[in-house]
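Novice: A structural model of the following input is requested.
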Amino acid sequence: MVLQITPDIQIPDNEIVLEAIRAQGAGGQHVNKVATAIHLRFDIAGSSLPEEVKTRLFAFRDQRISKEGTIVIKAQQFRSQEKNKEDALKRLKKLVLRAMSRPKKRKPTRVSKRAQKKRLDKKTKRGSVKRLRGSVSPDD
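Specialist: Below you'll find the model as predicted:
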């Protein structure tokens, strides 16, 4: 089985490590007996993704990406192992898709002359209000 990201980009199963673990939290005896949570591990550097996507993934400030360059996703939302596996793969796909989109270049803009003048006028007016707040002399 292959995780299809886009028609031309896919991640083979041998690059994704899925491990069933016991889930945390409420659930009573079921949670204590059955390993329904899934730990997904994906090594970015050793993957078959394009270099451009790998670079963007490394640049993300995401807590799911370790310093060594491994994506670790823990899925434990559902009671069944199969649904948690699907959820983990869906989250990996979403992360890779986010890395594939190129960030737009910022076009520097300027403040209009009118807005600049308006700001300076407000500043002058505020300064005069503050100046009038001075202490009053007794002979006034």
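Novice: Show me which positions of the least confident helix or strand in the chain by mean pLDDT end up buried.
Specialist: Between all helices and strands in the chain, the lowest mean by mean pLDDT, DSSP states H and E belongs to helix 28-33, at a mean of 78. Neighbour counts over helix 28-33 (16 or more other CB atoms under 10 Å) mark Val31 as buried. For the C-beta atoms, the positions are set from N, CA and C on the backbone; glycine is no exception.
Novice: Give me the distance from it to the chain's centre.
Specialist: 32 Å (CA atoms, centre = their mean, to the nearest Å).
Novice: Equivalent analysis for stretch 112-124, please.
Specialist: Distance, stretch centre to chain centre, for stretch 112-124: 38 Å (CA atoms, centre = their mean).
Novice: got the CA positions of it in CSV?
Specialist: Taking Å, rounded to 0.1, in the frame of the first residue of the first chain, the C-alpha atoms of stretch 112-124 are listed here in CSV:
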residue,chain,number,x,y,z
SER,A,112,-0.2,56.5,1.3
LYS,A,113,0.6,60.2,1.6
ARG,A,114,-3.0,60.9,2.9
ALA,A,115,-2.7,58.2,5.6
GLN,A,116,0.7,59.5,6.7
LYS,A,117,-0.6,63.1,6.9
LYS,A,118,-3.7,61.9,8.9
ARG,A,119,-1.5,60.0,11.4
LEU,A,120,0.8,63.1,11.9
ASP,A,121,-2.2,65.4,12.4
LYS,A,122,-3.6,63.1,15.0
LYS,A,123,-0.3,63.0,16.7
THR,A,124,0.0,66.8,16.7
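Novice: All set now, cheers.
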